[in-house]
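**Student:** based on what follows, work out the 3D shape:
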Amino acid sequence: MPQPATADGVGAPSGRIPPHSAEAEKGVLGSILLDSGRVMDLCVAEGLVADSFYFEPHRRLFDELIAMQRAGVAIDLLTTVERLRSAARLDSIGGTAFLESLIDATPTAAHAEYYIDIVRQKYLLRAVIACARETERTCFESNQSADLILGQTEQAFLDITERQHGQLTSWPLVINSTMQHVERLFQLGPGGVAGVPTGLRNLDKKLRGLRAGELIVLAARPSMGKTSLAMNFAECVAIGRDMVGQRFKGDYARPHPVAIFSLEMSSDALALRMLCGMAGVPAFQIDSGIGNSQKITQQLTRAASELCKAPIYVDDTGGLDVMEMRARARRLKKKHQIELIIVDYLQLANCREVARQGRQLETSAVSANLKAMAKELKVPVVVLSQLSRAPEQRGDKSAKPKLSDLRDSGAIEQDADVVLLLRRPCRNQGDPEYDDKTLAIVDVAKHRNGPTGEVRLNFNDSLTRFGDRADDGVGNADYVPVDGADVGVDAVM
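**Tutor:** Down below sits the predicted model:
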């Protein structure tokens, strides 16, 4: 009888033996020796790996069979014996007699799918047990916060779930989904919006909306208005109206839940900014007590009644760990079905796992986790980012930023599906358009699934609100978001 493996980290306290099936494992290995072409493909499709087997000899043999398949070597009893003997591994798994016993214990390879499923199920149960025990050990021995441990635990169990569902997607289903998406885009016409609308018509004509599963990086130097632009996105999506108050068409005419992780500003500050913008009241009037207080109160009250209905969820925890952020976003998605996530801003997020390896690697880890979050939750994630001082030091009069100016790590540029570089010419005296105090330019510097180029907007500094600019030159096509768009395949435009 082969000895059980211990490398999976699952012990057996109180005499309990971890879940396994020796007969099913023998059935899988025996089926491979009888019909390797079909059974090996089934094993790969179901995500079976060497660690899926409980007994160490079974692990070693399966690992060797995988290597033989990759090398294009025919797999049967004779070739397997010869390969193991030449590598001096035959005796370690039990010799030729053990291989012959596997074939004798397998009546037919026709039931290989059944054997494979049993092995996979037992492996998943052992993985759950190992995860639970590791969590228990961490709770007793670690000095980490309970929130962080909870986030790491949720992620660990999610990894098991993804392993259960497999990594392969039916190619015909992908093609059919893509064709449905293409047909929907053609129905919309040139002005159609295939994702979550931003509320700015000119920007949506360039981006065609914020698409599910994409990481959108909005970068700028300090005090350019990147937080204001992101909050304008959130307001429009949560209320179902664009920046001029017109209802979106289709499903986006109703409120859609938005999650905001504000690592810089408090929730009160964000709420005041959004209230003042919607009411048309400059915040400095409230702070200084200027103006007709009764009229201002009426305007704010009307805006408050509208915003109270908006499904916006703000988490203003400072210095949030990115794994904890993912855990919180996962809970918000499950509880409130959020359709847009905004993170303000990337450089303030932490990743404790790599924090000691330098800020560049930490920023890379944060960026990768945010991209993974977008794909996992199937929602667009808008991440604000700081730019370095390079635009101001290049000697370029317009101080136009570039992708390489993204601060701390080039991984941000790599992970992002869309990069928006925001600048305001009035903040740079050398810019030819310095005298235009309301002009804001969003440069779509990277767009994985569409065109790049500049979008010209208006910005009201006192109200922190953006608007479309008549001289943008984008066109005047109708603004039509997709009805109930939850686009899964966006690669075809």
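**Student:** assess the claim that A230 and L218 are in contact.
**Tutor:** Yes. In this structure A230 lies within contact range of L218 using Cβ atoms under 8 Å: 6.1 Å. From N, CA and C alone the C-beta is placed, and that goes for glycine too.
**Student:** shared neighbours, the two?
**Tutor:** V382, L384 (Cβ atoms under 8 Å, 6 or more residues apart in numbering).
**Student:** packing partners of the helix or strand hosting A327?
**Tutor:** In the assignment (DSSP states H and E), A327 maps to helix 322-336. Identification of packing neighbours for helix 322-336 by 3 or more Cβ pairs under 8 Å, 6 or more residues apart in numbering; DSSP states H and E yields helix 146-165, strand 258-262, strand 312-315, helix 359-377.
**Student:** how about the ones you listed in TSV, adding distance to I32, mean pLDDT and mean neighbour count?
**Tutor:** Listed next are those as TSV, based on distance: least, Cβ to Cβ, whole Å; pLDDT from 0 to 100; neighbours: other Cβ atoms under 10 Å:
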stretch	distance to I32	mean pLDDT	mean neighbour count
helix 146-165	21	71	15
strand 258-262	47	90	25
strand 312-315	50	88	19
helix 359-377	33	84	20
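**Student:** just send the ones you listed back as a markdown table, with distance to N428 too.
**Tutor:** A markdown table is the format used below for those (distance: least, Cβ to Cβ, whole Å):
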| stretch | distance to N428 |
| --- | --- |
| helix 146-165 | 41 |
| strand 258-262 | 28 |
| strand 312-315 | 32 |
| helix 359-377 | 26 |
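**Student:** of those, which approaches L340 most closely?
**Tutor:** Nearest to L340 among the helices and strands packed on helix 322-336 is strand 258-262; the distance by Cβ to Cβ comes to 4.7 Å.
**Student:** for the closest one, the distance to its chain's centre please.
**Tutor:** Its chain's average C-alpha position is 14 Å from that of strand 258-262, according to Cα atoms, centre = their mean, to the nearest Å.
**Student:** please apply the same query to stretch 272-288.
**Tutor:** What separates the centre of stretch 272-288 from the centre of its chain is 34 Å, taken as Cα atoms, centre = their mean.
**Student:** around I17, how many other residues sit close by?
**Tutor:** Residues lying near I17 (other Cβ atoms under 10 Å) number 9.
**Student:** likewise for the one 5 residues further on?
**Tutor:** The tally of other residues near A22 (other Cβ under 10 Å) stands at 15.
**Student:** how's the protein carved up into domains?
**Tutor:** Following automatic domain parsing, one finds the domains of the chain at 13-165, 185-481.
**Student:** need these in a markdown table (columns: distance to T178).
**Tutor:** Output for those, formatted as a markdown table (distance: least, Cβ to Cβ, whole Å):
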| stretch | distance to T178 |
| --- | --- |
| domain 13-165 | 21 |
| domain 185-481 | 11 |
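**Student:** now, of these, which is deepest in the fold?
**Tutor:** Mean neighbours per residue, mean count of other Cβ atoms under 10 Å, is largest over those for domain 185-481, with a mean of 19.
**Student:** one step back: contact partners of the next helix or strand after the helix holding A327?
**Tutor:** Counting by DSSP H and E, the next helix or strand C-terminal to helix 322-336 is strand 340-344. Applying Cβ under 8 Å, 6+ apart, the set of residues contacting strand 340-344 from outside is 196, 210, 227, 230-231, 233-234, 237, 256-265, 325, 329, 349, 370, 373-374, 377, 379-384.
**Student:** for the stretch 351-493 of the chain, what are the low-confidence residue spans?
**Tutor:** For the stretch 351-493 of the chain, the stretches flagged by pLDDT under 70 are 355, 391-398, 408-409, 471-493.
**Student:** tell me where it has strands.
**Tutor:** 381-386, 418-423, 439-447, 453-460, 465-468, 480-481 (DSSP state E, counting those that start in this stretch).
**Student:** packing partners for the fourth one?
**Tutor:** Right, the one you point to is strand 453-460. Using 3+ Cβ pairs under 8 Å, 6+ apart, strand 453-460 is in contact with helix 201-207, strand 439-447, strand 465-468.
**Student:** now distance to R389 too, for those, in TSV please.
**Tutor:** What follows is those, written out as TSV (distance: least, Cβ to Cβ, whole Å):
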stretch	distance to R389
helix 201-207	26
strand 439-447	18
strand 465-468	25
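**Student:** isn't F55 right up against S21?
**Tutor:** No. Assessed by Cβ under 8 Å, F55 is found out of contact with S21, at 10.3 Å.
**Student:** distance between the ends of stretch 38-58?
**Tutor:** 19 Å (Cα to Cα, to the nearest Å).
**Student:** ok so, going back, from the chain's centroid, how far away is the helix holding A327?
**Tutor:** 11 Å.
**Student:** next one: stretch 52-70
**Tutor:** Distance, centroid of stretch 52-70 to centroid of chain: 33 Å (Cα atoms, centre = their mean).
**Student:** same deal with stretch 153-163?
**Tutor:** For stretch 153-163, the distance to the chain centre is 15 Å (Cα atoms, centre = their mean).
**Student:** now stretch 405-422
**Tutor:** Centre-to-centre, stretch 405-422 and its host chain are 15 Å apart (Cα atoms, centre = their mean).
**Student:** got the CA coordinates for it in PDB?
**Tutor:** Only the C-alpha atoms of stretch 405-422 are listed here, as PDB (Å, rounded to 0.1, in the frame of the first residue of the first chain):
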ATOM      1  CA  ASP A 405       5.300  59.900 -16.000                       C
ATOM      2  CA  LEU A 406       3.100  57.600 -14.000                       C
ATOM      3  CA  ARG A 407       4.700  57.700 -10.600                       C
ATOM      4  CA  ASP A 408       6.500  54.900  -8.800                       C
ATOM      5  CA  SER A 409       6.200  52.000 -11.200                       C
ATOM      6  CA  GLY A 410       5.900  51.200 -14.900                       C
ATOM      7  CA  ALA A 411       3.600  48.300 -14.000                       C
ATOM      8  CA  ILE A 412       0.700  50.800 -13.800                       C
ATOM      9  CA  GLU A 413       1.000  51.500 -17.500                       C
ATOM     10  CA  GLN A 414       1.300  47.800 -18.200                       C
ATOM     11  CA  ASP A 415      -1.700  46.700 -16.100                       C
ATOM     12  CA  ALA A 416      -4.100  49.500 -17.200                       C
ATOM     13  CA  ASP A 417      -6.500  48.900 -20.000                       C
ATOM     14  CA  VAL A 418      -7.100  52.700 -20.300                       C
ATOM     15  CA  VAL A 419      -4.900  55.500 -19.100                       C
ATOM     16  CA  LEU A 420      -6.300  59.000 -18.900                       C
ATOM     17  CA  LEU A 421      -3.900  61.900 -18.400                       C
ATOM     18  CA  LEU A 422      -5.600  65.000 -17.100                       C
END
